[in-house]
Structures are given as C-alpha cells and as structure tokens.
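**Q** coords below, sequence missing:
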DNA sequence: GACCAGGTCCTTG
DNA sequence: CAAGGACATGGT
C-alpha cells in the first residue's frame, strides 16, 4: 500500500530541503537570468558560464545589447556554449520581444504572470521550462520549473505523469512563494546530478519516501 | 572515441 | 499523442 502522489511529492521536497537547505543557485541580475535561461537549454552549466563571461566581457550581457547587436557577433560570443547559431536566433527573438512589446525589462516586470507566460511561450525557442525559469528566477513569480531531472526523479519514485501534471502537483504542495519554488527546483537539480545520472537511476535513496 | 548535458522545434507514424 | 532527429561545444 503506497501513499498518494501528493504526499510523495511533499516528502521529496522535505527530504531535499533538509539535505540542501538555502543553497545559492542561479543568482545574477535579471538580464543574465533571461539570457542564461536560453543558454542552459540542453547544456551543462559550465558552458553557460563560459558564454555569459564572454558576453559580459564584450558588454553584450543584456537584453538591450542583444537586441542591438548583429547576429554574427552574438554567435561568436556564445560559441563555446554549443548550439550557438540556434541559440543566437532564440536570444534575438527574446530580446526583440522584450524591447518591442515592453520597451525593456522594467516594462515587462509590470505584466501579470499569466500574460507573461503566455507571451513567452509564443516566442520561438522558448518552451515551458525556459518560460518558467524566466518567470521564477528572473521575475520572482510562482511558476514552478519542471525539467528532465524532475521527471527522472519522479520516475525513480514510481510516478509516471506528464510534465504538466508534475507542475500542478509541485505547485499544489509548495508554499506560494517564488523563493521556495526556486530552492526546490535547485535542490532537485543538485540531487539528480549527484545521484540520479542515467546509469544510476534505480539506486535512488528517495525510494524510502514511498512507504 | 563514445556518451552526455538544467530543451525546443519539426517531421513521421 | 509518441518517437526520433537536428542543433554544437566541452568534459569525462
């Protein structure tokens, strides 16, 4: 006899919070978070940092600068990130959206969470995870980020839902605060990187939370 | 050299 | 809807 899905989710959250607590994760100004949200797609964080560093060095680490700079320059700056051509397209799309629709990030920050999410998802190259990362880590909104790691960990626990369902479950269980959403997602990533690699799934100690 | 990484889009069945 | 390929560099 196993417990309900919500209770399992709550136990994961509690277990990880006890293990990691208030870790520093994805700090940085809002421009950096928006740019990083695209750079981190299917890419190791070390590669993201390389590209961010180079963008900063060239004074290109802002939405406004990206919108004003030619593609070739952006491509060269983020080359070490990987997927540099398609990600340049995505960065340019995001930047022209922010500048064109809101006149900049400050204007964007006045938009409702619903409106922002809907608009972000209409930008080519921005899917659910990237949109939620921008909302949660960039704009401090309560939109929980579900990524491949979250899915993997939940699967380890015998859950088998779609990402949209996990999002609802975590949002139901967590307190309504951007900080707790940020921390929990960060905890999941840290845990999964350490214990739930593709070859190690199945040894997950979180299984004890199923009883 | 093989395999993988904090996704998303496009094409097929 | 589910599955598979493309996009690319850098670390193990």
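**A** Right, received. Where do you want to start? Just so we're clear, the structure is a prediction, and the values are computed from it rather than from any experiment. Numbers count the residues shown, from 1 in each chain, chains lettered A, B, ... in the order given.

**Q** which residues of chain A fall in strands?
**A** Assigned by DSSP state E, chain A shows no strands.

**Q** how does it divide into domains?
**A** For chain A, automatic domain parsing gives the domain ranges A:5-25+A:144-210, A:30-138.

**Q** Switch the ones you listed over to a markdown table; also include distance to DNA strand B.
**A** In this view, the C-beta of every residue, glycine as well, is placed from N, C-alpha and C. A markdown table is the format used below for those (distance: least, C-beta to the nearest atom of the strand, whole Å):
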| stretch | distance to DNA strand B |
| --- | --- |
| domain A:5-25+A:144-210 | 4 |
| domain A:30-138 | 2 |
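
**Q** which stretch in those domains has the least confidence?
**A** The weakest mean pLDDT among the domains of chain A belongs to domain A:5-25+A:144-210, with a mean of 89.

**Q** From the chain's centroid, how far away is it?
**A** Relative to the chain's own centre, domain A:5-25+A:144-210 is displaced by 14 Å; criterion: C-alpha atoms, centre = their mean, to the nearest Å.

**Q** if we can go back for a sec, please produce JSON lines containing the domains of chain A, extended by mean neighbour count.
**A** Formatted as JSON lines, the domains of chain A follow (neighbours: other C-beta atoms under 10 Å):
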{"stretch": "domain A:5-25+A:144-210", "mean neighbour count": "16"}
{"stretch": "domain A:30-138", "mean neighbour count": "18"}
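
**Q** closest one to DNA strand C among those?
**A** For those, distance to DNA strand C was read as C-beta to the nearest atom of the strand. The smallest value, 2.5 Å, belongs to domain A:30-138.

**Q** what about the biggest helix by length in chain A, near DNA strand C?
**A** Longest helix in chain A by number of residues (criterion: DSSP state H): helix A:178-195. No - Helix A:178-195 lies out of reach of DNA strand C by C-beta under 7 Å from any atom of the strand, never closer than 11.6 Å.

**Q** If we ignore the residues flanking it in sequence, what's nearest the residue positioned nearest the centre of chain A?
**A** Centroid-nearest residue in chain A, with C-alpha atoms, centre = their mean: residue A:133, separated by 3.5 Å. The shortest distance from residue A:133 to any non-neighbouring residue, by C-beta to C-beta, 6 or more residues apart in numbering, is to residue A:37 (4.4 Å).

**Q** show me what contacts that neighbour?
**A** A:130, A:133, A:134, A:137, A:138 (C-beta atoms under 8 Å, 6 or more residues apart in numbering).

**Q** Which other helices and strands does the longest helix of chain A contact?
**A** For helix A:178-195, the packing partners by 3 or more C-beta pairs under 8 Å, 6 or more residues apart in numbering; DSSP states H and E come out as helix A:5-20, helix A:148-156, helix A:163-173.

**Q** Around DNA strand C, which positions in chain A sit nearby?
**A** So far as C-beta under 7 Å from any atom of the strand goes, chain A lies against DNA strand C at A:42-44, A:46-47, A:50, A:79-87, A:162.

**Q** now, the most widely separated pair of those?
**A** A:79 and A:162 (35.0 Å; C-beta to C-beta).

**Q** And the helices in chain A?
**A** Going by DSSP H, chain A shows helices at A:5-20, A:30-39, A:45-57, A:63-68, A:71-77, A:84-97, A:105-108, A:113-121, A:128-133, A:148-156, A:163-173, A:178-195.
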